[in-house]
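A.B. asks: Everything below, folded, please.
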Amino acid sequence: MTPQALLSLDDDVLSYIISDLTFRDAVTLSLTCKEAYKLSLDPALRRVVLTRSEDQLKSFRTFLLAKNSRPLFVKSLHISTTITWDLEPGDAAAKECATAIADILEAVVNLRAFSCGAMHTFHYTDRRIEQALIALPHLVDLSLLEAGPGATIYLLAKLNARDLPYLTLDIIPTGSAKFDELFGGLSRFPRLESLTVSRLPGIFIRLPDTPRTEVILPSLRELVLHVTFVPLVLLAAAFPNVSRVQLEFARAPNTFKLSPPPLRPEWLQPGWGAVDEVAIDSRDLAMWPLQCRVRVLDLGVVHERHQALAAVGGMRPRVLRCASVLDDGVGFWGMLATTSGAHELRFIEARIHEVVGHRKDEFVCHLGGFRDLTAVFICIRAYRQPTYPRAEALGTAQKLASRNGTMRFVGVSFADGTSKTVNEPIGEDERHDSIWYAVRREDRASGVLVQPMEIPTEVGLRLRDYMCETDYGSGWEERLATIG
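C.D. replies: Okay, here's the model as predicted:
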């Protein structure tokens, strides 16, 4: 078959290819040769990401408005906070940026996703931005970054996109607001599925006298609070049907947060009865005393050992994701194996950071003490990398399987502890380089022979995904066997 040059393809095919590129990549393609320079870049306007400077924003405005048809292609517009981070109300730069954004928003009538920072500044600089957002009927993903409570309340009360499913509110605490006043506008969006709220410390949310609210949003399934404190009992009342919860306060730099106010005992109730997936820093469990039944529990880095153990005992997860520094001790893992609720665990994903110690063997010994554990994925980040990673991984799998009669699959990944911290989630490189084993057991003369057999990495990762996603209902083990 004779190779065919890219630019020899039909115009319709080239338009389809360009439509799948980001606008930046399409511009790069157009600069490769004279023939490519003649191509129409309009189809690439479907997803626009502006990340560099105010000049880039203004140049894009000029390009977009040069042809009446171009704004109709734009479906997603992301204006990075690197463009807006230092803008202040009244600045000439703020006025120029606000004018450019307003001109763009008034033209892109088919916009479905929008993200932009400095919304508090723009609220006082050019109200055309808010009016243009209000008029957009097809928004499905809206991120209002660096917005004040006033601008947030105003937009939530006026937006025409009533079917909005995804909303992110990054609220600058420029003043206090009542809970029902701040979140009351959410009731206008009966199909809202995901809500993220950040940078709103509890001192700026004026709570009602009793743990009740008129804000009720039964459609919400995912809730993320970052440096934002709202008592669990109020969250459960406002969002009764959430299935995924992520709560973060302690990890934020002190410059971005204030301590939440002290609460009366009636505000410290545990909240939901059951949630599918919970991610919470162990240091935040005192603020949010979750005791609901969960399927997946992500504790981040285990700093508060006793709080983390109590969370596992109270929530009885099937899947546990967490990280720890072995040089600080492995007592958490030894105590976890004997904690009430640990017998419910079927899968553990652990990030282990080892700086100078040699406690991996002790950690593996404790991990083998979970009597009903089916699979584990261990990412070991150490300063001293093993000379023979596969031999080290096989030895780890052998020890785990020998100590645990229910262990069926073991995954091990090694990463450089000098380049990755314990706080970082498991990266794609670590997944790609992971080594996986299926445990085979043979009864030979009344003695059980344990033999880990290496399986392809892609199969191991499918097993990992299945363990994280399955509901552990009837027949889940049979389905697991078909994958492995």
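A.B. asks: pLDDT below threshold where in the stretch 151-300 of the chain?
C.D. replies: Across the stretch 151-300 of the chain, residues meeting the criterion (pLDDT under 70) sit at 201-203, 250-262.
A.B. asks: Try it again at 80.
C.D. replies: Low-confidence regions of the stretch 151-300 of the chain, defined here as pLDDT under 80, cover residues 173-176, 200-207, 209, 250-270.
A.B. asks: quick one, helices of it?
C.D. replies: For the stretch 151-300 of the chain, the helices identified by DSSP state H, counting those that start in this stretch occupy 179-183, 232-238, in order along the chain.
A.B. asks: now, of those helices, which is deepest in the fold?
C.D. replies: Across the helices of the stretch 151-300 of the chain, the average number of neighbours (mean count of other CB atoms under 10 Å) peaks for helix 232-238, which reaches a mean of 21. (Each C-beta comes from the backbone N, C-alpha and C, glycine too.)
A.B. asks: So what touches that helix?
C.D. replies: Counting by CB atoms under 8 Å, 6 or more residues apart in numbering, the neighbours of helix 232-238 from elsewhere in the structure are 179, 183, 207-208, 211-213, 215-217, 223, 225, 242, 266-272, 288-290.
A.B. asks: how does it look with 7 Å?
C.D. replies: Applying CB atoms under 7 Å, 6 or more residues apart in numbering, the contact partners of helix 232-238 are 179, 183, 207, 211-213, 215-217, 223, 267, 269-272, 288-290.
A.B. asks: Could you list which of those belong to strands?
C.D. replies: In strands, defined here by DSSP state E, the members of these are residue 223.
A.B. asks: Write a ChimeraX command that selects only the buried members of the contacts of helix 232-238.
C.D. replies: What follows is the ChimeraX syntax for the buried subset of these, where burial is set by 16 or more other CB atoms under 10 Å:
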select :179,183,207,211,213,215,217,223,271,272,288,289,290
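A.B. asks: Give me the distance between the two termini of stretch 47-61.
C.D. replies: Between the opening and closing residues of stretch 47-61 we find a distance of 15 Å, counting by CA to CA, to the nearest Å.
A.B. asks: contacting residues around that stretch?
C.D. replies: Residues external to stretch 47-61 that are found in contact with it (CB under 7 Å, 6+ apart): 22-24, 74-80, 82-83, 93, 96-97, 100, 103-104.
A.B. asks: now these: which count as buried?
C.D. replies: Among those, those that count as buried by neighbour count (16+ other CB under 10 Å) are 23-24, 74-77, 79-80, 83, 96-97, 100, 103-104.
A.B. asks: Wait, residue 152 touches residue 171, no?
C.D. replies: Yes: the pair residue 152 / residue 171 is scored as a contact, 5.8 Å apart, by CB atoms under 7 Å.
A.B. asks: circling back to that earlier point, using JSON lines, lay out the helices of the stretch 151-300 of the chain together with distance to residue 62.
C.D. replies: Formatted as JSON lines, the helices of the stretch 151-300 of the chain follow (distance: least, CB to CB, whole Å):
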{"stretch": "helix 179-183", "distance to residue 62": "38"}
{"stretch": "helix 232-238", "distance to residue 62": "44"}
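A.B. asks: residues in contact with residue 110?
C.D. replies: Residues counted as contacts of residue 110 (CB under 7 Å, 6+ apart) are 72, 74-75, 138.
A.B. asks: Actually, residue 139.
C.D. replies: With the criterion set at CB under 7 Å, 6+ apart, residue 139 makes contact with 111-112, 114, 161, 164.
A.B. asks: please redo it, this time with the cut-off set to 10 Å
C.D. replies: Taking CB atoms under 10 Å, 6 or more residues apart in numbering, we find residue 139 in contact with 111-114, 133, 159-167.
A.B. asks: among those residues, which are in strands?
C.D. replies: 113-114, 166-167.
A.B. asks: Pick the one among these closest to residue 361.
C.D. replies: Compare each of the ones in strands among the contacts of residue 139 with residue 361 using CB to CB and the shortest gap goes to residue 166, at 45.5 Å.
A.B. asks: Can you tell me how far that closest one is from residue 188?
C.D. replies: Here the criterion is CB to CB, to the nearest Å. By it, residue 166 lies 15 Å from residue 188.
A.B. asks: Same check on residue 441?
C.D. replies: Relative to residue 188, residue 441 is positioned 58 Å away (CB to CB).
A.B. asks: who's more crowded, those two?
C.D. replies: For residue 441 versus residue 188, the count of surrounding residues by other CB atoms under 10 Å is larger for residue 188: 16 against 12.
A.B. asks: so that one touches residue 159, yeah?
C.D. replies: Yes: the pair residue 188 / residue 159 is scored as a contact, 7.3 Å apart, by CB atoms under 10 Å.
A.B. asks: And for stretch 469-484, what's in contact with it?
C.D. replies: Everything outside stretch 469-484 that qualifies as a contact, by CB under 10 Å, 6+ apart, is 276-277, 295-296, 318-319, 344, 346-347, 374-375, 408-409, 436, 438-439, 455, 459-460, 462-463, 465-467.
A.B. asks: Buried subset of those as a PyMOL selection?
C.D. replies: Paste this into PyMOL to select the buried members of the contacts of stretch 469-484, with burial taken from 16+ other CB under 10 Å:
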select buried, resi 277+295+296+318+319+344+346+347+374+375+408+409+436+438+439+455+460+463+466+467
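A.B. asks: So which of the contacts of stretch 469-484 are in strands?
C.D. replies: 276-277, 295-296, 319, 347, 375, 409, 436, 438-439, 455.
A.B. asks: of those, closest to residue 247?
C.D. replies: residue 277 (11.9 Å).
A.B. asks: from memory the closest one sits against residue 293, does it?
C.D. replies: No: counting by CB under 10 Å, residue 277 stays clear of residue 293, with 11.7 Å between them.
A.B. asks: any common contacting residues for these two?
C.D. replies: residue 317.
A.B. asks: Retrieve the pLDDT associated with residue 413.
C.D. replies: Per-residue confidence at residue 413 stands at 93 (pLDDT).
A.B. asks: swap that for residue 460, please
C.D. replies: 95.
A.B. asks: can you list the contacts of residue 139 in a markdown table and add neighbour count and distance to residue 478?
C.D. replies: Formatted as a markdown table, the contacts of residue 139 follow (neighbours: other CB atoms under 10 Å; distance: CB to CB, whole Å):
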| residue | neighbour count | distance to residue 478 |
| --- | --- | --- |
| 111 | 24 | 47 |
| 112 | 17 | 41 |
| 113 | 17 | 41 |
| 114 | 24 | 46 |
| 133 | 22 | 50 |
| 159 | 21 | 47 |
| 160 | 14 | 49 |
| 161 | 22 | 44 |
| 162 | 12 | 44 |
| 163 | 13 | 40 |
| 164 | 22 | 41 |
| 165 | 17 | 35 |
| 166 | 16 | 36 |
| 167 | 23 | 40 |
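A.B. asks: Let's have those residues in a markdown table, adding distance to residue 281.
C.D. replies: What follows is the contacts of residue 139, written out as a markdown table (distance: CB to CB, whole Å):
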| residue | distance to residue 281 |
| --- | --- |
| 111 | 35 |
| 112 | 33 |
| 113 | 29 |
| 114 | 30 |
| 133 | 33 |
| 159 | 32 |
| 160 | 38 |
| 161 | 33 |
| 162 | 35 |
| 163 | 34 |
| 164 | 29 |
| 165 | 27 |
| 166 | 24 |
| 167 | 23 |
